[in-house]
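Participant: Kindly generate the corresponding structure for this input.
(one chain, ligands or ions: 2)
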Amino acid sequence: MGLEDLLLNLKMLMFGGKGGVGKTSCASSSAIWAAEHGRNTLIISTDPAHSLGDSLGVELPPGEPTPVKGIKNLTALEINPKVNMVEFQGITNMNPIEDLGMGGMMENFGMGDLQEFTSMNPPGIDEALAFGKVLEFIETEHDYDLIVFDTAPTGHTLRLLNLPDTLSGWIGKLLKLRFKMSKFFGVFKKMLSKDEIKEDNSLEILEKLNASIINAKEDLTNPLKNSFIVVMIPEEMAITETGRLLNALVKYNIPVSNIVINQLYQDKYDLCDFCKARREMQQKNLFKIRDIFGKKLGKNLIEVPLFKGEIREYQKLKEMGDYLINNLN
Ligand SMILES: Nc1ncnc2c1ncn2[C@@H]1O[C@H](COP(=O)(O)OP(=O)(O)O)[C@@H](O)[C@H]1O
Ligand SMILES: [Mg+2]
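Facilitator: Ligands and ions are numbered 1, 2, ... in the order given. The predicted structure is shown next:
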């Protein structure tokens, strides 16, 4: 499927790849195109080093979906792992061993599993729950027709994509733990004064979150709902990394139909020796990319030229959109 069809028909599109290759520029250009073609579009940056606001030329308060001025149907969001976590505080800070002074008695409640999760490599627990909240939002009634993800460089994004499994496994353990604890507390409740046990609704919150994450996983892996667009530059190292990324996406069952090859030197200008050499290097790699990813893997390749200037704000993003979507090349 071409990018145009994906933008008009899918529920989600994710742009990913190595750092600096043009993920944010491609995601913003595509989101603008979709919005201007009548789809109510939300673009979400999951990169902790956000640059979505800079690309669109708007101020984006962390964690707040903000309508993009001057573009109808477009809202942008940079997720903030540090805020809106109030409802999870009871969960993330939960340490029954210390809180209740129960020491060894808690061992058979599976606390080791929790420790394993809280000491996770980035994305850490805050970011994991923040992404979980985004997935929950996607699965709850909302007015957006399309959600475009501007993701972080490969490694981080792969860890996020693994989160539906990690999170739901972890939440499952927490639910079991909570259940055991509530039975355990049942015995002591009568002995303790009522206000010593804080009532909380975290069990309910967790169950809802878990159900949404399971649904989101189904959506992320459904080619009629989601597609991952790999963005790359025509360099040897990028070819190797793209191969690894594609393998990982297959492992997670995430559909990929398109690869953007960005920042291509054009021969329509008089090139200096330096640029000629770069163009030759790029063309050699472009042939390889066409052969490996185009012919062998049957991916739809989109070639985008290197622009003279930076790609920022509406006009430039529209120009990039022409290459991305209308295949101007
Ligand atoms: N085709 C292109 N021509 C010229 N500059 C580009 C092109 N694609 C991206 N850039 C520039 O490269 C920089 C990195 O792009 P960006 O989209 O932020 O990459 P990423 O999100 O992958 O880190 C930005 O300054 C952007 O304007
Ligand atoms: Mg970016």
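Participant: And Leu167, which helix or strand is it part of?
Facilitator: helix 163-189 (DSSP states H and E).
Participant: which strands and helices sit next to that helix?
Facilitator: helix 111-118, helix 125-139, helix 202-220 (3 or more Cβ pairs under 8 Å, 6 or more residues apart in numbering; DSSP states H and E). Every residue, glycine included, has its C-beta placed from N, CA and C.
Participant: Let me have the ones you listed in JSON lines, extended by mean pLDDT and mean neighbour count.
Facilitator: Converted to JSON lines, the helices and strands packed on helix 163-189 look like this (pLDDT from 0 to 100; neighbours: other Cβ atoms under 10 Å):
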{"stretch": "helix 111-118", "mean pLDDT": "53", "mean neighbour count": "14"}
{"stretch": "helix 125-139", "mean pLDDT": "82", "mean neighbour count": "20"}
{"stretch": "helix 202-220", "mean pLDDT": "84", "mean neighbour count": "17"}
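Participant: could these go into a markdown table alongside distance to ligand 1?
Facilitator: Listed next are the helices and strands packed on helix 163-189 as a markdown table, based on distance: least, Cβ to the nearest ligand atom, whole Å:
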| stretch | distance to ligand 1 |
| --- | --- |
| helix 111-118 | 29 |
| helix 125-139 | 18 |
| helix 202-220 | 20 |
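Participant: Can you add distance to Glu59 and give the ones you listed back as CSV?
Facilitator: Below are these laid out as CSV (distance: least, Cβ to Cβ, whole Å):
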stretch, distance to Glu59
helix 111-118, 33
helix 125-139, 20
helix 202-220, 29
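Participant: Quick one: closest of the ones you listed to Phe293.
Facilitator: Nearest of those to Phe293, taken as Cβ to Cβ: helix 202-220 at 21.5 Å.
Participant: Tell me which other helices or strands that closest one touches.
Facilitator: helix 89-92, helix 125-139, helix 163-189.
Participant: picking up where we left off before, quick check: angle from the helix holding Leu167 to helix 125-139?
Facilitator: In terms of direction (axes from the mean of the first three to the mean of the last three Cα atoms, to 10 degrees), helix 163-189 departs from helix 125-139 by 100 degrees.
Participant: tilt between helix 163-189 and helix 202-220?
Facilitator: Using the same axes, to 10 degrees: helix 163-189 against helix 202-220 is 160 degrees.
Participant: ok, back up a step: need the helices and strands packed on helix 163-189 in CSV (columns: distance to ligand 2).
Facilitator: Below are the helices and strands packed on helix 163-189 laid out as CSV (distance: least, Cβ to the ion, whole Å):
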stretch, distance to ligand 2
helix 111-118, 27
helix 125-139, 16
helix 202-220, 20
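Participant: How about the residues of the stretch 151-300 of the chain by ligand 1?
Facilitator: With Cβ under 6 Å from any ligand atom as the criterion, the stretch 151-300 of the chain meets ligand 1 at residues 262-263.
Participant: Kindly recompute the last result at 8 Å.
Facilitator: 153, 231, 262-264 (Cβ under 8 Å from any ligand atom).
Participant: Need the residues you listed in CSV (columns: distance to Phe307).
Facilitator: What follows is those, written out as CSV (distance: Cβ to Cβ, whole Å):
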residue, distance to Phe307
Pro153, 21
Val231, 15
Asn262, 10
Gln263, 8
Leu264, 10
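Participant: And the furthest pair within those residues?
Facilitator: Maximum distance among those (Cβ to Cβ): 20.7 Å, for Pro153 and Leu264.
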